[in-house]
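Undergrad: how would this look folded up:
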Amino acid sequence: MRWVGALACAVVLAACSQSPWNDPYPAGAISKNVLFSSFSERPKHLDPAQSYSSNEVVFTGQVYEPPLEYHYLKRPYVLEPLTATHMPTPYYLDARGHRLGPHPPADKIAYTVYEIHIKPGIYYQPHPAFAKDANGKPLYLNVSRADLEGIHSLTDFKHTGTRELVAADYVYEIKRLAEPRVQCPILGVMSEYIVGLKDYAAKLQKIAKANAQAGHPDAYIDLTRYPLEGAEVVDRYTYRIKVKGRYPQLRYWLAMPFFAPVPPEADRFYSQPGMAERNITLDWWPVGTGPYMLSVNNPNRQMVLVRNPNYRKDDLYPSEGEPGDAEKGLLADAGKPMPFIDKAVYSLEKESIPRWNKFLQGYYDISGITSDSFDQAIQFSGSGNVELTDAMRKRDIKLVTSVQASIYYMGFNMLDPVVGGYSKRARKVRQAISIALNYEDYIAIFLNGRGIPAQGPIPPGIFGHRKGRAGIDPYVYDWVHGQPQRKSIAYAKQLLAQAGYPNGRDAKTGKPLLIHLDITASGPEDKSMLDWFRKEFRHLGLQLVIRNTDYNRFQDKMRNGNAQLFMWGWNADYPDPENFLFLLYGPNGKVKYHGENAANYNNPEFNRLFVQMKDMQDGPKRQAIIDKMVAIAQRDAPWVWGFFPQDFVLYHDWYKNAVPNLMANNTLKYKRIDPKLRARDVRAWNRPLVEPLLALAVLLAISLVPAIVTYRRREHRPALEEGKNSR
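TA: So this is what the prediction gives:
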């Protein structure tokens with residue numbers, strides 16, 4: 001009977017434990033000033049010159065500090081200084097280099113110069129690249145492979161150091177955009193503007209080629225030895241960026257990690273032999289001046305950001321915002337130094353159901369809403385307004401919604417011999433597919449109505465977006481009774497037949513037309529979506545072959561042009577139509593120029609209008625040009641336009657300062673956690689039900705009593721009786 005009592009005691013003691021039985025974190029972690037969240041795909045690039053995906057900026061945005069940032073609360077979005085002392089005011093030069101007045105005619109402007117002054121007293125996070133010996137020499141500058149024995153991570157280096165941020169670090173990063181080994185995705189775009197950057201890239205390419213021929217393909221190129229006309233140091237805290245003509249969008253780029261500082265000694269440190277073999281690279285271990293530093297990079301399990309101990313004290317939470325922000329509690333931390341959270345732990349969670357369950361248990365502080373969990377979280381009032389369900393309100397869960405400055409689309413590879421090209425045949429194939437893919441149904445079925453069917457590349461809220469009849473795609477929609485109505489499948493089949501594929505078969509060979517779709521569907525919940533796509537293609541008699549892969553492999557396919565049809569999306573980097581239209585600009589092609597034009601679309605007239613439009617001020621003239629560009633793209637149909645998503649985010653009551661900011665990358669520093677409230681709720685929501693276990697123990701004890709009594713009687717019978725029984 002002793003073991004039954006021990007079981008009962010163990011159950012009672014476990015019930016009294018401070019940590020719930022199902023707690024996925026170390027004991028007591030939920031009571032600490034730590035944010036808990038998740039990620040579904042490992043970030044491929046953390047190098048600021050390479051990183052350009054939303055799952056990467058979650059980390060790079062907290063580590064790196066460009067000179068500018070977006071005000072956290074103000075709308076419309078407002079840029080303000082981050083490391084800069086003030087907003088840079090550009091000045092203009094003519095073709096001879098003479099300075100012009102503040103408002104010169106556009107045709108007189110040959111160059112625009114941005115002079116940026118940064119604040120003194122900003123220091124980098126602790127890092128071994130800055131470690132020095134007693135004589136002031138770098139400790140880890142000339143390490144050999146033998147020296148790296150026992151070193152498996154950046155954290156294995158015993159010594160670290162720091163130094164002050166200087167203007168030269170910003171210039172160095174701009175030069176790195178042209179470094180051949182980096183393959184910067186915005187090099188094509190920036191080469192059009194930053195003076196000398198295209199020639200600089202060609203020069204570095206020659207150096208890299210010579211190194212490779214000499215048997216040193218990975219040799220470090222010291223960019224400090226090679227000046228760049230378009231980016232130069234003025235003094236310790238001042239640098240200049242010189243661009244061709246007018247390019248007002250540069251101010252938006254100055255709020256992105258591409259233009260954050262990279263210290264040359266860190267680049268040199270990571271370039272040493274043996275480092276890359278251990279994943280000790282800038283692409284794996286970023287180094288910056290931001291409020292957080294990456295302390296754990298285990299993308300198969302967990303990514304961890306911790307507070308940068310060298311972060312300055314003058315970065316304060318904003319004291320003003322929009323009307324109503326104070327009533328919402330969004331100004332409660334006004335004037336307080338940031339960041340508020342000590343650590344942010346992101347756990348790998350590939351499937352949505354476990355992620356959702358952990359949010360409900362309180363083990364994740366924030367959560368999106370999938371189709372599977374939508375009805376559990378959201379209900380609609382009689383007037384059609386979105387509301388939380390009673391179950392969510394009982395747990396003090398909050399909801400914040402926003403129409404994203406984003407687009408999700410299905411792109412055609414314009415280099416593909418079947419669906420690509422600019423012939424009437426190819427256009428009709430793409431237009432037919434665009435009609436057949438009914439995104440109204442897609443949004444209703446898979447997004448619970450959280451989206452708007454796109455008619456072109458520019459989302460609502462961005463200048464250039466057209467509403468109503470003026471905005472519809474006339475190759476896919478008709479305007480009927482004041483509403484856009486998708487053209488019929490019969491009409492789409494007619495287009496396909498005119499293209500030489502009646503009923504989805506090649507008119508010459510009789511063979512079915514196979515369309516290959518590259519996609520990154522990670523969970524079992526995506527099966528129904530893939531089945532839906534197959535069904536939509538069958539309406540045209542087309543056979544859809546789905547090639548599912550992880551995101552990193554998908555990116556490799558796109559860079560090499562090995563996709564035919566693909567699904568992708570774009571989140572606005574800045575609130576300007578140029579940031580969406582450049583996704584279709586020819587010199588920004590993915591394959592040829594390593595840019596973000598994943599469809600490799602290259603229409604000369606569209607390109608000409610883009611160059612004319614990109615640096616114009618918003619107004620009727622710019623709108624007219626945008627209308628022409630969108631009309632060209634609608635006719636050529638390089639994309640099935642897809643949809644503009646609406647974002648629903650849930651967060652627990654202990655998660656403070658939750659504001660959707662679609663432009664800012666560095667939002668973690670504004671967030672605050674109430675760990676005591678979280679610990680209380682998590683324990684209450686995950687209290688083990690010990691009563692059934694205790695009842696089971698009692699039942700076991702009762703059922704064993706007869707057997708135990710019989711056994712003991714047998715053991716204590718007199719020896720004589722035993723003897724008689726034995727005879």
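Undergrad: which residues does Trp356 contact?
TA: Applying Cβ atoms under 8 Å, 6 or more residues apart in numbering to Trp356 gives the contacts Ser367, Thr370, Asp372, Ser373. Bear in mind the C-beta positions are built from the backbone N, C-alpha and C, glycine included.
Undergrad: chain neighbours aside, what residue packs nearest to the second one?
TA: Leaving aside its sequence neighbours, Thr370 sits nearest to Ser352 (Cβ to Cβ, 6 or more residues apart in numbering; 4.4 Å).
Undergrad: so the one you found versus Glu320, what's the distance?
TA: As judged by Cβ to Cβ, to the nearest Å, Ser352 and Glu320 stand 38 Å apart.
Undergrad: out of the contacts of Trp356, who has the most neighbours?
TA: Among the contacts of Trp356, the one with the most neighbours (other Cβ atoms under 10 Å) is Ser367, at 22 neighbours.
Undergrad: all strands of the stretch 351-500 of the chain, in order?
TA: Residue ranges of the strands in the stretch 351-500 of the chain, as given by DSSP state E, counting those that start in this stretch, are 366-368, 378-380, 386-388, 398-403, 406-412, 451-453, 477-480, 483-486.
Undergrad: what residues are up against Gly274?
TA: By Cβ under 8 Å, 6+ apart, the contact list for Gly274 reads Val143, Ser144, Arg145, Leu148.
Undergrad: distance of Val113 from Asp576?
TA: 21 Å.
Undergrad: who has more neighbours, these two?
TA: Asp576 (20 against 16).
Undergrad: now the closest residue to Pro263 other than its chain neighbours: which helix or strand?
TA: Leaving aside its sequence neighbours, Pro263 sits nearest to Asp169 (Cβ to Cβ, 6+ apart; 5.3 Å). Counting by DSSP states H and E, the element that carries Asp169 is helix 167-176.
Undergrad: now what about that helix, what contacts it?
TA: So helix 167-176 is contacted by 48-49, 67, 116, 118, 182, 184, 194, 197, 200, 223-224, 226, 228, 230-239, 241, 258-264, 267 (Cβ under 8 Å, 6+ apart).
Undergrad: next: stretch 43-57.
TA: 39-41, 58-60, 63-64, 173, 176-177, 179, 182-186, 257-258, 260, 262, 281-286, 294, 297, 299, 303, 551-552, 555, 571, 596, 665.
Undergrad: I'd like to know which of the contacts of Gly274 are buried.
TA: Neighbour counting by 16 or more other Cβ atoms under 10 Å classes Val143, Leu148 among those as buried.
Undergrad: number of nearby residues for the residue lying closest to Val166 once chain neighbours are set aside?
TA: By the measure of Cβ to Cβ, 6+ apart, the closest residue to Val166 outside its immediate chain neighbours is Arg236, 5.4 Å from it. Close neighbours of Arg236, defined as other Cβ under 10 Å, add up to 13.
Undergrad: and Val591, what element?
TA: Assigned by DSSP H and E, Val591 falls within helix 590-593.
Undergrad: okay, angle between the one helix or strand Ser528 maps to and strand 406-412 too, please.
TA: Ser528 belongs to helix 527-538 when assigned by DSSP H and E. Using axes from the mean of the first three to the mean of the last three Cα atoms, to 10 degrees, the direction of helix 527-538 lies 50 degrees away from that of strand 406-412.
Undergrad: any chance you could list what contacts helix 527-538?
TA: With Cβ under 8 Å, 6+ apart, helix 527-538 has contacts from 433, 436-438, 441-442, 445-446, 515, 517, 519, 521, 543-544, 546, 548.
Undergrad: run the last query once more with 7 Å
TA: Contact with helix 527-538 is made by Ala436, Leu437, Asn438, Ile445, Phe446, Ile515, Leu517, Ala521, Leu544, Ile546, as judged by Cβ atoms under 7 Å, 6 or more residues apart in numbering.
Undergrad: next: stretch 71-84.
TA: Defining contact as Cβ under 7 Å, 6+ apart, one finds that stretch 71-84 is touched by 65-70, 87, 116-119, 122, 165, 251, 255, 318, 321-322, 325, 330, 575, 659, 661, 663-664, 667, 670.
Undergrad: drop anything exposed from those.
TA: For those, a neighbour count by 16+ other Cβ under 10 Å gives the buried set as 65-70, 116-119, 122, 165, 251, 255, 318, 321, 325, 330, 575, 659, 661, 663-664, 667, 670.
Undergrad: can I get stretch 602-610 as CSV, trimmed to CA atoms?
TA: In CSV, the C-alpha atoms belonging to stretch 602-610 read as follows (Å, rounded to 0.1, in the frame of the first residue of the first chain):
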residue,chain,number,x,y,z
ASN,A,602,10.4,43.4,-68.6
ASN,A,603,8.1,45.7,-70.7
PRO,A,604,10.0,48.6,-72.1
GLU,A,605,7.1,51.0,-72.0
PHE,A,606,6.3,50.1,-68.4
ASN,A,607,10.0,50.6,-67.6
ARG,A,608,10.1,54.0,-69.2
LEU,A,609,7.0,55.2,-67.3
PHE,A,610,8.4,53.8,-64.1
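Undergrad: given the longest strand along the chain, what are its sheet partners and their directions?
TA: Longest strand in the chain by number of residues (criterion: DSSP state E): strand 639-651. Its sheet considered, strand 639-651 pairs with strand 366-368 (antiparallel), strand 398-403 (antiparallel), strand 406-412 (antiparallel), strand 451-453 (antiparallel) by DSSP bridges.
Undergrad: what's the longest one in contact with?
TA: Same thing as strand 406-412. Here strand 406-412 has contacts from 419-420, 430, 437, 454, 457, 459, 565-572, 598-599, 638-645, using Cβ under 7 Å, 6+ apart.
Undergrad: avg pLDDT for that strand?
TA: Averaging pLDDT along strand 406-412 gives 95.
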